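pasting the sequence and the predicted coordinates here, then a few questions.
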Amino acid sequence: MHPYFRVPPDRLDSLKAILPEFAAKTRNETGNLFYEFTINGDEVFCREGYSNAEALLDHLDNVREMLAVALDMAELIRLEIHGPAEELAKLKEPLAHLNPDWFTLHRCSWGDTF
């Protein structure tokens, strides 16, 4: 999952201050593979990965209250969901209200061409 947030300049420091709380809350999620933030000007990106669709949904439930606080400071401007087709299918209904862009994994070996 790749969410992108736009933060007004007067709220950026406040948002940055809660990012470690997100990381701490996510640390013990069993299906979490990685979780980190990057910032480019007024845009905050969360690079996160999960072992399957259920783990992603568990994460969203785990950070629900903190995410509400973050969304009071920032606007979700883009949401990308990447994964195998069978896992994306499990997410389409529960995440439909977020209007994500869906990226289906294309597995290839070193010799494959696109």
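Structure's in. What do you need?

got the contact list for the closest residue in space to residue 83 that isn't next to it in sequence?
Spatial nearest neighbour of residue 83, excluding adjacent residues (C-beta to C-beta, 6 or more residues apart in numbering): residue 105 at 5.7 Å. Placement of C-beta: from N, CA and C, glycine included. Residues in contact with residue 105 (C-beta atoms under 8 Å, 6 or more residues apart in numbering) are 82-85.

buried members of these into PyMOL, please.
Here is the PyMOL command that selects only those of the contacts of residue 105 that count as buried (16 or more other C-beta atoms under 10 Å):
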select buried, resi 83
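
among the contacts of residue 105, which are located in helices?
Among the contacts of residue 105, the members found in helices (DSSP state H) are residue 85.

for this protein, what are the low-confidence residue spans?
Filtered on pLDDT under 70, the chain yields the residue ranges 109-114.

so where's the longest helix in it?
helix 12-26.

would you mind listing the buried residues in stretch 73-81?
Buried-residue list, stretch 73-81, by 16+ other C-beta under 10 Å: 73-74, 79, 81.

mind listing which of those are in strands?
With DSSP state E as the criterion, strands contain 79, 81 from among the buried residues of stretch 73-81.
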